[in-house]
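**Q** kindly generate the corresponding structure for this input.
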Amino acid sequence: MTDFKSGEAEKLHLDELTGEKVSKSELKRRLKQRQKEQKKAKSAQESAASQSTKAPAAKSITNGIQDEEELTPNQYFEIRSKQVEALKKPESVINPYPYKFNVTISIPEFVQTYGEDGVLNSGDKLQNRVVSVAGRVVSKRSSGAKLQFYDITADGARVQLMASLQDHDTKDSDNSPYIDVHSAIKRGDIIGVTGYPAKTKLGELSVFVRKTQLLSPCLRMLPRERYGFKDQEARYRQRYLDLMINSEVRQRFVTRSRVVSYVRRFFEELGFLEVETPIMNQITGGAAAKPFVTHHNDLKRDLYLRIATELYLKQLIVGGLDRVFEMGRLFRNESIDLTHNPEFTSIEAYMAYADLSDIMDLVEQLFSGMAKCLKGSYKFMYYPEGPESGVELDFTPPFRRVHIIPTLEKRLGVKFPSLDSDSHEELREFLDDLCLKHNVECGAPRTLSRLMDKLVSNFLEVDCISPTFLLDHPQFMSPLTKKHRSIAGVVERFELFICQKEVVNAYTELNDPVDQRQRFEEQAKDKEAGDDEAQVIDEEFCTALEYGMPPTGGLGLGIDRLCMIMSDTNSIKEVLLFPAMKPVEQ
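**A** As a prediction, this is how the structure comes out:
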């Protein structure tokens, strides 16, 4: 029940050393840093040359890729690929792609079990406790040829591995000698180890390794630790790397999963039945939005990806399913910006024998309960731009209520003409003049609905920080909504805004088939006038209403925007694992 607006991506430049596309300012910063490092390295070389010749070093456990810092990503990939191909040969004692590894304890469980105070003291070893863990190598450090340290991560947790020749089982997991297996492991590889829990003398919780197995080599160079992986464009395009390198990103999607689970559980506990309705429709309806068009070869006709689930769900209410909801993807062929993505997740729910007041209570219960569950309090800080830009949000019920027409009249110092007049042109000219007077931009076609929407956006939505209900929309904005029972020209509808973002849209649903058909006909006129987002007449839905739909309250809730608020971000792309992106220019 929301629209999409366009946004421009920042022009990116190729970092020839890393192969990444970064912003101009980021590229300049990197080049400057590399110049400093080159000077430092040159100075170190000159110092080393002046010293006396030292004895030859022992064979390095990291032979193969001597110094990845000196390689480009392409060079690294070429060298590493050749190494792994060598491991695939029959004479190799290491299988780089084994079928299975038996994990006995996850890394988070290991840290929780053995990391608590009092379980292990510095220097303690539980040699009779055998554990097998697996994860991705994020760092590797050598202390001579007989001792290797690794940090591995999995499931959002990290643990140190200490692999010494002394502890190494001569019969390793794949019969590989100590030097061979540890020289084959590089940063980014996925490995499995078997050993015992211990704490080093410095108090670092570790697995002292007896057996080591390479499970999947990483052929590509990971982003260098000193730079991290911060380029926004690259993060969205390579989300797997983003999740791998940036722990806060993983936590953000854990929060999203908790939000989805909470919402689904909330409706199920109230007796709502989750259903599924078609994604491909013969006509569009249920929202004001431009659809995506596809083609069905067998039917020899175009179909539309759904822009809403509303009309199908209301037909189920007609059929006797008194409480239904659907959570799923909607598709709107519109612009991309901080709060809009062409495909997004929404939940629509409909409750028979209820009205707007009941739905408002339900929404307050849902949002306040979620805040308490996920944040621990009705009041919490929201940090969309980081720790320095927080704003307090208050989810304490009841939420603030703003009546649209009276508040606009007060803000603009005008008196609106009757909204119940048969002549809409007079009202359209009035709204048009208001937009021009206050420099409110509205592109063609300048219909009643579009002009009013711009005024509401510019003068009311901007004040909605903590949860706020905008109530009593004009009838011409809401073709599927029941007329207000006591105020002429408006309907029983509310929108819930949080941090200036529309999160919920709700109605007392229109169930008079004659009135519904007339509303559709008015929308059809707007479509003929050039409004691509206006709805068309849905004959099947009108026919269903003629069988009788009970009084019904309904809502649509934007899951993605709710996740943005609950995970401290101001961009919808941060809460979508794979957001829509413009093609990369070759």
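
**Q** C-alpha only now, for contacts and for neighbours.
**A** Will do.

**Q** quick one: contacts for M566?
**A** 255, 374, 382 (Cα atoms under 8 Å, 6 or more residues apart in numbering).

**Q** D453 belongs to a strand?
**A** No: counting by DSSP: H, G, I helix; E, B strand; the rest coil, D453 is not part of a strand but helix.

**Q** what is the burial count for it?
**A** 14 (other Cα atoms under 10 Å).

**Q** over to M381?
**A** Applying other Cα under 10 Å, I find that M381 has 16 neighbouring residues.

**Q** how about G386?
**A** Counted with other Cα under 10 Å, G386 comes out at 11.

**Q** mind listing what the closest residue to it other than its chain neighbours touches?
**A** Spatial nearest neighbour of G386, excluding adjacent residues (Cα to Cα, 6 or more residues apart in numbering): D568 at 7.9 Å. Residues in contact with D568, defined by Cα under 8 Å, 6+ apart, are 382-386.

**Q** does D568 count as helix, strand or coil?
**A** With three-state DSSP as the criterion, D568 reads coil.

**Q** all further residue positions should be reported with the first residue as 829.
**A** Renumbered: residue one is now 829, and that last one reads D1396.

**Q** R1321 touches T1309, doesn't it?
**A** Yes: under the criterion of Cα atoms under 8 Å, R1321 makes contact with T1309 at 6.9 Å.

**Q** quick check: neighbours shared by the two?
**A** Contacts common to R1321 and T1309, judged by Cα under 8 Å, 6+ apart, are 1335-1336.

**Q** who's more crowded, these two?
**A** Neighbour count, other Cα under 10 Å: between R1321 and T1309, R1321 has more, with 30 against 25.

**Q** restricted to strands, list the contacts of D1396.
**A** The strands, defined by DSSP state E, take in Y1210 from the contacts of D1396.

**Q** closest one of the contacts of D1396 to E1349?
**A** E1349 has its nearest neighbour among the contacts of D1396 in P1212, at 42.2 Å by Cα to Cα.

**Q** what about the residue nearest to that closest one when sequence neighbours are not counted, neighbour count?
**A** Closest residue in space to P1212, ignoring its immediate chain neighbours: T1397 at 4.3 Å, by Cα to Cα, 6+ apart. T1397 has 20 neighbours, counted by other Cα under 10 Å.

**Q** test my guess that T1397 contacts Y1211.
**A** Yes: if you go by Cα under 8 Å, T1397 and Y1211 touch, sitting 6.9 Å apart.

**Q** one step back: distance of the residue nearest to G1214 relative to E897?
**A** 34 Å (Cα to Cα, to the nearest Å).

**Q** could you do Y1090 as well?
**A** From Y1090 to E897 the distance is 45 Å (Cα to Cα).

**Q** neighbour count: those two, which is higher?
**A** Per other Cα under 10 Å, whichever of Y1090 and E897 has more neighbours is Y1090, with 17 against 12.

**Q** ok, that one - contacts?
**A** By Cα under 8 Å, 6+ apart, the neighbours of Y1090 are M1198.

**Q** for whatever helix or strand it lives in, which positions count as buried?
**A** Element membership for Y1090 (DSSP states H and E) is helix 1075-1097. Using 16 or more other Cα atoms under 10 Å as the test for burial, helix 1075-1097 gives 1077-1078, 1080-1081, 1083-1084, 1086-1088, 1090-1092, 1094-1095.

**Q** tell me the mean pLDDT for it?
**A** Here helix 1075-1097 scores 97 as its mean pLDDT.

**Q** likewise stretch 1290-1298?
**A** 96.

**Q** can you give me the end-to-end distance of that stretch?
**A** Rule used - Cα to Cα; the end-to-end distance of stretch 1290-1298 is 12 Å.

**Q** returning to what we had before: distance to D1260 added to the contacts of M1394, as CSV?
**A** Output for the contacts of M1394, formatted as CSV (distance: Cα to Cα, whole Å):
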residue, distance to D1260
T1083, 43
L1202, 44
Y1210, 36
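
**Q** looking at those, spot the one nearest F905.
**A** Distances from F905 to the contacts of M1394, taken by Cα to Cα, are shortest for T1083, at 34.7 Å.

**Q** thought the closest one was touching M1392?
**A** No: if you go by Cα under 8 Å, T1083 and M1392 don't touch, sitting 9.7 Å apart.
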